[in-house]
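Engineer: Just the structure for this:
(one chain, ligands or ions: 1)
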Amino acid sequence: MNTDAHGCSPARADKNVGDTAGRNACATSMQPFRAVVVVLLMTVIPHALAGTIVGNVHAEGKAGAADDPSCGKYDGNRQLKLAERVDYAAFHDFVVYLEGPVGTNWPAPAKPAQVVTRRVMQKDANFNPHVLPVLVGTTVEWPNEDEILHNVFSFSETKPFDLGLYKSPKIETVTFDRPGRVDIFCSIHARMSCIVLVRDNPFFATTNARGNYRIADVPPGTYKLRAWHERLPSQVKEITVPETGEVKVDFTLGVRNLPGPGR
Ligand SMILES: [Cu+2]
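Structural biologist: Below you'll find the model as predicted:
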């Protein structure tokens, strides 16, 4: 007996209706099998072949800056002596992220319309966290836990907005629908500022208190990995993510590779 590629018997040639019905019956019988294959391709393979990026990020100042030879000139100027210096060792809020496009085997979200919500708290006249990386499309809540009014706004090109004056129990939200950096302030309090870093892929991480980060479930491949800090030049490294296991990538950020005056 002749069979087609799926092992189905050919339909009778003398009855067109039967022919159609036979093929439909075969196709119908194959549907569960195909569905399983598709599900396997979409879910099992990408997750089975995925590496993890780990590492550490820290900042450092210019060599020699700590031994400022002009220190003696501070003698008669208490204000300059007390001028707060940058403490690079205390820097935090680094973000490490893959620059797209990321491997074609990264499965699209099952529910693109799914609402993902993050939160930046207004507490003690500060934003917490100070830096929040999110995937594009994420909605961020802005609760005000203080007894006083705040006015959250941004004039960034990526996402300009003004939430106006409010406090608890009202909670305003903003959906970040374009990738980019969004600097956010309070129109009342000078020290209130934060940054939402909107990314076009989900492969990013913030560093912990020790500067360590971890980005898991990354499709294997060669990518550009960027380490970012709000007040230092970011740094890019080309990395190869293995099919399994970890790749370790450390960064040291500092003021370097910037053009001099007049260049
Ligand atoms: Cu405020």
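Engineer: going forward, measure contacts between C-alpha atoms and count neighbours the same way
Structural biologist: Fine.
Engineer: partner strands of the helix or strand hosting Gln235, parallel or antiparallel?
Structural biologist: Using DSSP states H and E, Gln235 maps to strand 232-241. According to DSSP bridges, strand 232-241 forms sheet pairs with strand 221-229 (antiparallel).
Engineer: okay, now the closest residue to Glu246 other than its chain neighbours: neighbour count?
Structural biologist: Leaving out its chain neighbours, the residue that sits closest to Glu246 by Cα to Cα, 6 or more residues apart in numbering is Thr52, at 4.6 Å. Number of residues near Thr52 (other Cα atoms under 10 Å) recorded here: 19.
Engineer: Can you list phi and psi of Thr52 for me?
Structural biologist: Torsion angles at Thr52 (phi, psi; degrees, to the nearest 10) stand at phi -130, psi 140.
Engineer: right, and Thr158 touches Val182 too?
Structural biologist: Yes. Using Cα atoms under 8 Å, Thr158 makes contact with Val182 at a distance of 6.1 Å.
Engineer: what sits against whichever residue of the stretch 1-150 of the chain sits closest to the ion?
Structural biologist: Among all residues of the stretch 1-150 of the chain, His150 sits closest to the ion, at 3.8 Å; criterion: Cα to the ion. His150 is in contact with Gln122, Asn144, Gly164, Leu165, Tyr166, Lys167, Cys186, Ser187, Ile188, His189, counting by Cα atoms under 8 Å, 6 or more residues apart in numbering.
Engineer: that older thread, give me every residue that touches the residue nearest to Glu246.
Structural biologist: With contact set as Cα under 8 Å, 6+ apart, Thr52 has these partners: Arg214, Ile215, Ala216, Asp217, Val218, Val241, Pro242, Thr244, Gly245, Glu246, Val247.
Engineer: Next one: the spatially most central residue of the chain from the ion, what distance?
Structural biologist: Closest to where the C-alpha atoms of the chain average out (Cα atoms, centre = their mean) is Phe204, at 3.9 Å. Separation of Phe204 from the ion (Cα to the ion, to the nearest Å): 29 Å.
Engineer: Identify the residue nearest that residue in space, chain neighbours excluded?
Structural biologist: Tyr97 (4.1 Å).
Engineer: again, but for Leu49
Structural biologist: Nearest residue to Leu49 in three dimensions, chain neighbours excluded: Glu243, at 4.7 Å (Cα to Cα, 6+ apart).
Engineer: That neighbour: what's it in contact with?
Structural biologist: By Cα under 8 Å, 6+ apart, the neighbours of Glu243 are Leu49, Ala50, Gly51, Pro219, Pro220.
Engineer: any idea how far Leu80 is from the residue nearest to the centre of the chain?
Structural biologist: Counting by Cα to Cα, to the nearest Å, the gap from Phe204 to Leu80 is 40 Å.
Engineer: Over to Val96?
Structural biologist: Distance of Val96 to Leu80, given as Cα to Cα: 35 Å.
Engineer: With Glu60 instead?
Structural biologist: According to Cα to Cα, Glu60 stands 22 Å off from Leu80.
Engineer: So for these two, which residue has more residues nearby?
Structural biologist: Neighbour count, other Cα under 10 Å: between Glu60 and Leu80, Glu60 has more, with 16 against 12.
Engineer: can I assume the more buried one is in contact with Arg256?
Structural biologist: No. In this structure, Glu60 is not within contact of Arg256 by Cα under 8 Å, at 10.4 Å.
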